Structure formats: C-alpha cells, structure tokens
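[1] fold the following.
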Amino acid sequence: NSKNAFLCVLGDSNPKESSPFINSSDVAAEKSQQYDGKNMALFEEEMDTSPMVSSLLSSLANYSNLPQGSKEHEEAENNEGRKKKLAPQLGTLMGVYLPCIQNIFGVILFLRMTWLVGIGGVIGTFIIVFMCCTTVSASPTFILAGGSYYMISRSLGPEFGGAVGICFYLGTTYAGAMYILGAIELLLIYIVPKAAIFPLEGLEGAEAEAALLNNMRVYGTILLTSMATVVFVGVKYVNKLALVFLACVILSILAVYAGVIKTAVDPPDFPVCVLGNRTLVWKTFDVCAKTIETANGTVTTQLWQMFCDSPFLNATCDKYFASNNVTQIQGIPGVTSGILSENLFGNYYDKGDLIARKYMESAEDPDDSLTNVNRYVLADITSFFTLLVGIYFPSVTGIMAGSNRSGDLRDAQKSIPIGTIAAITTTSTVYMSSVVLFGACIEGVVLRDKFGEGVHGNLVIGTLAWPSPWVIVIGSFFSTCGAGLQSLTGAPRLLQAIAKDGIVPALRIFGHGKANGEPTWSLLLTACICESGILIASLDSVAPILSMFFLMCYMFVNLACALQTLLRTPNWRPRFKFYHWALSFLGMSLCLTLMFLCSWYYAIVAMAIAGSIYKYIEFAGAEKEWGDGIRGLSLSAARYALMRLEEGPPHTKNWRPQLLVLVSTDAEQNIEQPRLLSLTNQLKAGKGLTIVGTALEGTFLENHEQSQRAEQALRKLMETEKVKGFCQVTVSSNLRDATSHLLQASGLGGLKHNAVLVSWPRNWKQGDEHQTWRNFVELVRETTAAHLALLVPKNISAFPSNGERFTEGHIDVWWIVHDGGMLMLLPFLLRQHKVWRKCKMRIFTVAQMDDNSIQMKKDLTTFLYHLRIDAMVEVVEMHESDISAYTYEKTLVMEQRSQMLKQINLTKNEREREIQSITDSSRGSIRRKNPAAVTTQLSVTEDPPAASKEEKPEEEVQLIHDNTTPASPVTPATPLTPEGAQSPGEQVQMTWTEKCDGEPAKPPGAATPEGIKDIFNMKPEWENLNQSNVRRMHTALRLNEVILKKSSEAKLVLLNMPGPPKNRTGDENYMEFLEVLTEGLNRVLLVRGGGREVITIYS
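    So this is what the prediction gives:
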C-alpha cells in the first residue's frame, strides 16, 4: 500500500492568523510523548518547530478559522456557556436553501412586480429578471466559511476587503430600511389606511405625496425602533420567528399560483372603470356609469357629481367627461383571455402622466388643459428601463443568506453551492414565470396602477390571489417584517466582524458588545443608518441605493474568484466542479453594467465611498497579511513587467537613476552615514528603483543575527528618511568581496541599478584605514567595468537633511568631460525636491587657448534651451601655464607617503629588497636632458579618434576620462593629455612663474614649500618623480584653484570624477589627486557616467 507523505511547512513564530498547530498548548502538552520512541530520533532537535504529523491530524481535521459572524448566542443568554458547545448541525435545506428563499422573495415581489411588468412590458421585465438572476447566478456560490466579507478580505486583501465589506454592510442596512418601508406601505395603504397620522383625504398631487411620505417616516421610525429592540433583547427570538415568516412567504406565493390557475376556469370579479381610455380612481363612487335607469327615470351617479357642477342632467360637466363614454372592464380577464399580446411591450411614463388603456378610443382636444386630475390614476414617478433595473435588483440580493450563516452549517463547502444554486434556480423560475403569468392574467392599466387605486385600493397582486387578497396582504406584511429583522440581525454582526479584524481603526469601538458577544454598538450604528433610509421614505428611491452596494459586493466576489483562478493560486481549490473563471468574469461584467444601468450617479457615489474607504485603510489601517490575491496579482504583474524589461535597455527618454546606495555599519549594526539616505530621497524625484545595501564581514551562519539587525536598521532609517525601496545585506569573508557581490547581484532581471551612490571614505589617510580606500578604488573600477554611473558625495555630513530648506544659493556644475549628461540630469532631479527647490543652477565649462569661448557659451546656452533646463552658463578660460614648484613639492610629498604606506605592510626581507630596488632605480635615473615644456590642455571634444587611448603610454593615463562602451553614440573625451605625445624617456623642464606660486593661487591650508634656496635650480629629488603624477597634480591644483574662485559659496558643486589609474601601483596617488581637486569645497558630488546617454532633448 502506498503511503501519502505530508509535509507541514510552518511560517514564522508569530503567525498572522490562528493556526491549529503553531504555538498550540495541546501540542506543548504532548511534546513529551511525541518522541518517546527511537524511530523518530532523527527529528528530535526540531520538535519545537515541527511537531509530529500524527499529533496534528485531529487538529487539522477540525480546523476552523472563522471571524465573529452571525452565530447564535442562546447558550450565553441561557447561562449554558459552560456546557460543551454543540457542533453546527444545519444541513443544506434549513441552513442555506430556505434562508435564501426567504431573503430573495420579499417586498419587491409583492409590492412592485406587477407594476414592473406593466411599465416594462412582459419582454422588457423578463430581460431585467433574466439579467439580474444571471448576474447573481454567475456570482460564485462556494464562499468559504465566514461569509462574503471573509472571502473578499482574504482574497483581495484588507483594503479591498474593508471597502467592500463596509459597502456590503451598508447594503444590508439599507435593505432593512427598504423592508421596513415596504411593511409600512402595506400597512397604511392596504391594511389600515385610517391609521395615517397625516390624513390623505382631500389632498391632491404634491400635498398628498408629501403626507404619504411623512406617514412612512413616522411609522417607519416606530417600526425600526421596535425591531431594533427585539434584536437587542435576543437574536433567538428573531430565529424562532424566521420560520413563521418563511411560511408566510411560501403560502403567499402558492396563493398567487392558485389564483392564476383559477383565472383560467373562473376569473375573479375585479372591475376597472375607464373614462374614454383613462383609468379612474375607484374610491368615492359606487357605480361605473354616468347615469342609471330607475323606476323614477334616469338618475345621475356619484361619478357624474365628480365631474359636473350639479347632480342634474342639465349640469355643466367636464369637457372630456361629456365627450367620452364610461366603460367598465375586467381587471383580471384570466390567463386564457389573450391579454398577453397587449402587455408584451413597455409603457414608460413621466411623473403625473395619465395611466391610459391602449387600443381604446378617446375623444379629446389637444388644446384643452387637463382638469380633475385627482380623479384619474396617475404615474407617481418618471419611469425608464434603468430605473426598473434598480428597483428590481434588491429582490435577488438574498443569495448571500446561506454563506452568511456558514458557521452554523454541518458541511459549508458542500451545502453552500448546492443550497444557493437550488435557491437561485427556484426563485428565478418563480420570478420569470410570474412575469409571464402577470402579463397573461391582468389588464395593462391595472398592472401600471402601482397602488391599486383603480381596483378599490386593493394590492394588485392580491387581486390575483386565491382564496382572498388578504392572504397576500397579511403574508407579505409578515414576510417584509421578517426580512427587515434578518437585516437588522445580520448587518451589526458583519460590522462587528470588520471591526474585530482591526483593519479600520475608526470602527474599533464597534467590535465590542454584550458579555455574550451581541454587537450592541454595531446595532446602534445600524439603526441610525437604517433611519437615514427611512427618512428618504420612498421605496423606489431606497431600492437603487442598496442595489449599488450589493452589486459592488458581488462584483468584487466575482473578481476575487476570477483572480484566484487566473493567478493559479495554489490554495485556490474550489470544490464546485463546474466552476470556470469565465463565469466569474461574466458575473463581474454584468454587475458593473447593472450598476451603471440602475443609476450612473449612484454608481459613481458608491465607488467613491468604496475608494475613500480603500485609501483610508491603506493610509491608517492595521497591517494585515492574509495571503490575499492582490499580493498574488502584484507578483504576477511584477513578473510580467520584469520580463518586458528584459527585452532591451530603456530609451534615453526613460532613463532615470536606479540607485544602489552603499552604506556602512558600525559594530552595533547602526548606519554610519544616515545623510546618504537623505541625499537619496532628494535624488528620487525621478522615482525609479532604490536598493540600500550594506556589507558585513564573516560567514552567513555565524553572522545571521547581525545581518537581520542590520536589515532592520536599514528599514528603520529608510522609513525615517522616507526612502521607498528595498534593502539588502550581504555577508562575505571580507568587505571587498561583500561589496562586489552587492554590486553584481542586486536587482532582478531588467530591474537592476544603473548608478551607485557611495560616500567618500573618511580618514583614508590614516595608516589603519588603508583597506578602506583600497576598497573604494576597486569599487570605482568595478562600476566602470559594469558600465554603472557612480555618485560620490564628499563631506556627506555637511549635506542637508530632508527637513532643511535652502532659500537661495546655487548648484554649480563643472562640466569638464562629457559623461552622457549625468551632470545635467542630477541637479535637475535635486531641484524637484523642496530642499533644493530655490537654488539656481549654474553650469561652468572650461575653454582652452585654442577655443572660442564666446561661441562655446552660445552653443551651451542653445543646448540647455533644447534640453529645457534653466541654468546660467559660464565659460572659464584656463590658459596654458608651466608646472609650478609647489606642484612638484606636493607630488614629492605624495609619492614619499605612498612609498611609506607600501612598506608598512612588508616583511623585513621584503622591505630590504624593496629599498634596494628603489635605490637602484633612483641612481639610474639621475640624468638631465632638455625636454620640451609640458603643457596641459583641458578640452571638451566630442569625437576624438577612437585609437588615441590605446596609443598613449601607460605613464600618461589621463586624469579625467570616461570609459564608455563601443556602442555608445558619444565617445568620451580624453582630456588632460599633452599636445604631442611624449616618449617615456623625455624629462620635464620646470619653470617658475609668479602666476603659479603666488600666495593667492594656493589652496586654503596648503603649506608653502620650504627649503627652496634658489628657485631657478631643480631639486635633485624632483627629477625622479613620475611625470604623469606631476601633470595630474598640476591639473588638480589648477582646477581646484578655478573652482574655488567661482564656486566657494555654492550650496553644492557637481564635478566630473576622474577615473583610477590602469596600473594599481598608483591607487593611493589617485586618492590624493581627488583630495587636492576638491580641497576647500564644502559639499561636493563627484560624478562618473555609466557610459550611455542619460538626457535627451526629446520628451
């Protein structure tokens, strides 16, 4: 026999939701027995986190993760809480089918169905019923235990769940208001009209309508209060009454069908009085005739007196009354009469229109004004197709009744689909058949008479029922009261479930209730919202409101199911075998269509409410991780987007700095350069990707905790500095490798960093920090090799925090070589941030002796105009000059220090060998020649010969250069090279000029070279200097001098960063050159391009 292996994969020690096997006290109690045998000794060490499967199977089988739903609290009320709770025993019939039937058959069927058929016609109403029934049928019927709110929130996440849950709650609450208004309408119009506080007798038009609405408000409030009291006293009474109300509903529907069958044999006598083709209100007259013949002759009737000024035959009568005959027609001609053909098509009216009979002659003068209006049956509202949809839809909103009681079911997964589909099938059959039967049995004018004024004030559907109209009137009154009670019972529990989930902070108070869990505060809020619906007072106005909320709920239930299926979520395994995602998609589309069909402005308001709640939960709601489908959708969308990014590099228009920010941590894993993240935030006006990384030394197994602490510190700092992005910690045997791993492995696919932000190494000159600057130089080399841009802020602690504001000042850009436009783009991005917003941008470029500085300025201004960048332009002229003695002295000090640094790390024997080799090379190189004077040139040429770089000897690697890929459209300049290439053997003639050694030319803090006796004599040690270093030092000093002169007051200086030497022997010299280049400047951002154009004139 094959055995199934179960692998229980457990999450972290703080599960987001209750679990049957994590941190369970039962499991803890059984630990001693779990591993008594030696068969499982292999797993002993994992017993804390991985208990034996055998000990869990019983917990897993009975696992139930339910929110606080609509469970019965009778045990608590009857002090039976100590007794063992009985397992839920409701089956499909009692638990799902009958509650759905009761909720779906209700106020609309009894009060509005005949009117809908009359106005929309049999065909139009059939389409509406079919569309609405299909919509709810397409809605999934396999909702998990916990009801629709639970499913939506767990499938679409807390934001959607909260928004839709509150909409569903509002829909249920307004449904309560609709049922109460329906009950009051039945009471005041059909059962006891004389109970009206505001009498309707003698009132006409708007006054009569206002009086009716005020009656509805008063009685509606009374009924709501009494219902809320019943619910407050105890839900058990509601549940006990539910069966009585359900019996009323079923009897009423059976009475209607019995009446339809009876009409085929013996149609009931419900006459309708028609004047011409106009239906008369049959209230104040007894006989449908103008005159009647008696023994004493012809006598006028009460109807005559309604339209004439006296009871005599010679009286002056209403013109229309005089011109037309009075006809009495049968209100219910019967199913065999053929009336169906007249009722097939719709008759839409404006408010106040006369309800006229089709196919009847009427003599009327179009110029005559309408008189005696209150004698006729009139349309009380303007009707149109979409209004009918909105009014009808609430009658099919009961499909959630079964799923909302899922906690009481014996087998919810089996019962809910079967029971709900059976209920929908039954109710759809009843609704569709009733549409056809009403159209086939009842006269059109009676169908269009909403309040039965033409049939002695009877309920129209009651006139059809057998044995008596009172069966329907009383039955529908009780059924609407029952449905109202069910709404007032269910809605507070739904609100309590949302409140207890804690996703909406403002609703937390509504999670509390009585000792037995009854939601007292939720009931109070529900009653208040329900009262707002009752104050509207019109059933036809309230119905579309709750239609919106229910439709939105169904739409999101469908979306949740379709989404779970399309994303192939592993845990989405619907038991209902006929389910397909297309069905959910169809349901969602129908719901959305119906929302806008019912009322486009209500739809927009409902969506705005849901959107506001969504944003509120997103902003202020508690963090919940429910494994929702939106997370799955995000993953799927991210995967798709990443695959698209792989198709090719982004166009220059779309280029933005995707930053890898490298920070260092101290021994306690605290971030050493927090201002680096402030600068990151200020640079992120271009949005894009941000990865904040740090490197730790050691092995991952030993340093795992430090790694986690560092990650937490990074996240905290990112949150503080409002940097949106990801953090990454890499552990390796040494920091150099760890940083290299970060550089290579960060990012995913096309979503990788294209720029690295790292701060200048502080105290790099100290002997014990030599590894820091070596790592830095290697990082520069690696970014160049990887074609990544590099941003190095110097004096990072002097950079502004996000809270600071510069009210004036300049951002100075020193554009010495073309780096693809990084220097133009970065200040533009910085100025989008409020810290730098008021700073003005200045661009400096350097002109040589042969350049036309006026033309350069004009060209640069035009270029910036096309780039749409607002900046001042200045061209600085740097004339050729001889290398000063100060430059030589500075170079000498640098090289001597370099030699010392090398020797610190050598062993005694190596040191002796090194000293000997230095002595030999020095002795062999002391010779004098007359070389040509060396001159330096700074140029910004766009297209130098491609081979120029390779032809130059290694000794003459330029100071400022940019390595670009061969495919790059712009080959970078190769500045700072002599006019004619010198051979390595040539020496440099030193000349001393006032311009170069004068006091003003020296950088601040630089010491005057001492021991110079004769300025015209070369010091012998100068001859041995590497001439490449001398030239570089000369360039660094000259540039520093010019930058200080122009930009000493600037808030920020952006500068091309020179590349490191090709041979690694001069790394420490490279650091010295950069130090000299930026000396005396407060805030500097050194920039190296990544070898591609990053800015374009095209938008």
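
[2] list the buried residues of the helix or strand encompassing Ile222.
    According to DSSP states H and E, Ile222 maps onto helix 205-233. For helix 205-233, the neighbour count (16 or more other CB atoms under 10 Å) marks 208-209, 211-213, 215-221, 223-224, 227-228, 230-232 as buried. The C-beta positions use only the backbone N, C-alpha and C, and glycine is treated the same way.

[3] for my notes, confirm Ala667 occurs in a strand.
    No: counting by DSSP: H, G, I helix; E, B strand; the rest coil, Ala667 is not found in a strand; it is coil.

[4] can you map out the strands along the stretch 601-750 of the chain?
    Under the criterion DSSP state E, counting those that start in this stretch, the stretch 601-750 of the chain carries strands at the ranges 659-663, 690-697, 726-732.

[5] parallel or antiparallel, list what pairs with the longest one.
    If I follow you right, that is strand 690-697. Next to strand 690-697 in the sheet, as set by DSSP bridges, lie strand 659-663 (parallel), strand 726-732 (parallel).

[6] how about the nearest residue to Ile529, chain neighbours excluded?
    Computed as CB to CB, 6 or more residues apart in numbering, the closest residue to Ile529 that is not its neighbour in sequence is Thr173, at 4.7 Å.

[7] pull the contacting residues for the one you found.
    Ser487, Ala491, Thr526, Ile529, Cys530, Gly533 (CB atoms under 8 Å, 6 or more residues apart in numbering).

[8] now the helix or strand hosting it, how far from the chain's geometric center?
    Secondary structure assignment for Thr173, by DSSP H and E: helix 147-185. Distance of helix 147-185 from its chain centroid, counting by CA atoms, centre = their mean, to the nearest Å, is 21 Å.

[9] same question for stretch 291-304.
    76 Å.

[10] how many other residues sit next to Phe585?
    The tally of other residues near Phe585 (other CB atoms under 10 Å) stands at 18.

[11] need the nearest residue in space to it, chain neighbours excluded.
    Ala562 (5.0 Å).

[12] against Gly161, how distant is the one you found?
    Distance, Ala562 to Gly161, using CB to CB, to the nearest Å: 16 Å.

[13] neighbour-wise, which of those two wins?
    More neighbours surround Gly161 than the other of Ala562 and Gly161, with 28 against 21 (other CB under 10 Å).

[14] residue contacts, Trp115?
    Leu447, Arg448, Asp449, Lys450, Val460.

[15] dump those to a markdown table, plus distance to Val873.
    Listed next are the contacts of Trp115 as a markdown table, based on distance: CB to CB, whole Å:
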| residue | distance to Val873 |
| --- | --- |
| Leu447 | 83 |
| Arg448 | 81 |
| Asp449 | 84 |
| Lys450 | 79 |
| Val460 | 86 |
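
[16] any chance of the residues you listed in CSV, with neighbour count too?
    Output for those, formatted as CSV (neighbours: other CB atoms under 10 Å):
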residue, neighbour count
Leu447, 28
Arg448, 25
Asp449, 26
Lys450, 24
Val460, 30
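
[17] just the ones of those in helices?
    Leu447, Val460 (DSSP state H).

[18] which of the contacts of Trp115 sits closest to Ala610?
    Nearest to Ala610 among the contacts of Trp115, counting by CB to CB, is Lys450 at 32.4 Å.

[19] how many residues are close by Val436?
    Neighbours of Val436 using other CB under 10 Å come to 16.

[20] please tell me how far Leu683 sits from Thr172.
    Leu683 sits 50 Å away from Thr172, going by CB to CB.

[21] the stretch 351-500 of the chain: helices as residue ranges?
    Remark: helices assigned in the stretch 351-500 of the chain by DSSP state H, counting those that start in this stretch are 385-392, 401-404, 412-441, 444-447, 460-464, 469-501.

[22] what about the fourth one, average pLDDT?
    The reference is to helix 444-447. Confidence for helix 444-447, expressed as mean pLDDT, is 90.

[23] mind listing what's buried in that helix?
    Buried positions in helix 444-447, judged by neighbour count with 16+ other CB under 10 Å: Gly444, Val445, Val446, Leu447.

[24] is it true that Thr845 lies in a helix?
    No: applying three-state DSSP, one finds Thr845 to be strand, outside a helix.

[25] domain assignment for this protein?
    What the TED database lists as the domains of the chain is 87-266+386-553, 271-379, 599-648, 658-790.

[26] closest one to Ser898 among those?
    Across the domains of the chain, Ser898 has its closest neighbour in domain 658-790 (10.9 Å, CB to CB).

[27] for the closest one, what is the distance to the chain centroid?
    The answer for domain 658-790 is 30 Å, by CA atoms, centre = their mean.

[28] what is the end-to-end distance of that domain?
    The first residue of domain 658-790 is 11 Å away from its last residue (CA to CA, to the nearest Å).

[29] pLDDT (mean, whole number) over it?
    86.

[30] kindly report the same for stretch 426-440.
    Averaged over stretch 426-440, pLDDT sits at 91.

[31] and stretch 99-109, by the same measure?
    Per-residue pLDDT over stretch 99-109 has a mean of 80.

[32] ok, stretch 1060-1072 next?
    On average, the pLDDT along stretch 1060-1072 is 76.

[33] next, the residue nearest to Phe585: secondary structure please.
    The three-state label given to Ala562 by three-state DSSP is helix.

[34] confidence score at it?
    For Ala562, the model assigns a pLDDT of 82.

[35] from what I can see Gln305 touches Asp318, true?
    No: with contact defined as CB atoms under 8 Å, Gln305 does not count as touching Asp318 (11.4 Å).

[36] quick one on the thing from earlier: between the contacts of Trp115, which is nearest Tyr601?
    Nearest to Tyr601 among these: Lys450, at 23.7 Å, using CB to CB.

[37] for Tyr886, find the nearest of the domains of the chain.
    When those are compared by CB to CB, domain 658-790 sits nearest Tyr886, at 19.6 Å.

[38] ok, then the element right after the strand or helix carrying Arg1032?
    Using DSSP H and E, Arg1032 falls within helix 1027-1047. Remark: after helix 1027-1047, the chain's next helix or strand is strand 1052-1056, criterion DSSP H and E.

[39] all helices for the stretch 601-750 of the chain, in order.
    Using DSSP H, counting those that start in this stretch, the helices assigned to the stretch 601-750 of the chain run over residues 629-645, 675-683, 704-720, 735-745.

[40] same check, this time on the stretch 801-950 of the chain
    822-830, 853-867, 885-904, 908-925, 948-951.

[41] point out the other helices and strands that the second one packs with.
    Based on contacts counted as 3 or more CB pairs under 8 Å, 6 or more residues apart in numbering; DSSP states H and E, the elements that helix 853-867 packs against are strand 840-847, strand 872-877.

[42] how distant is the first one from the center of its chain?
    What that stands for is strand 840-847. Per CA atoms, centre = their mean, the centroid offset for strand 840-847 relative to its chain is 44 Å.

[43] stretch 1077-1086 now?
    Taking CA atoms, centre = their mean, the mean C-alpha location of stretch 1077-1086 is offset from the chain mean by 43 Å.
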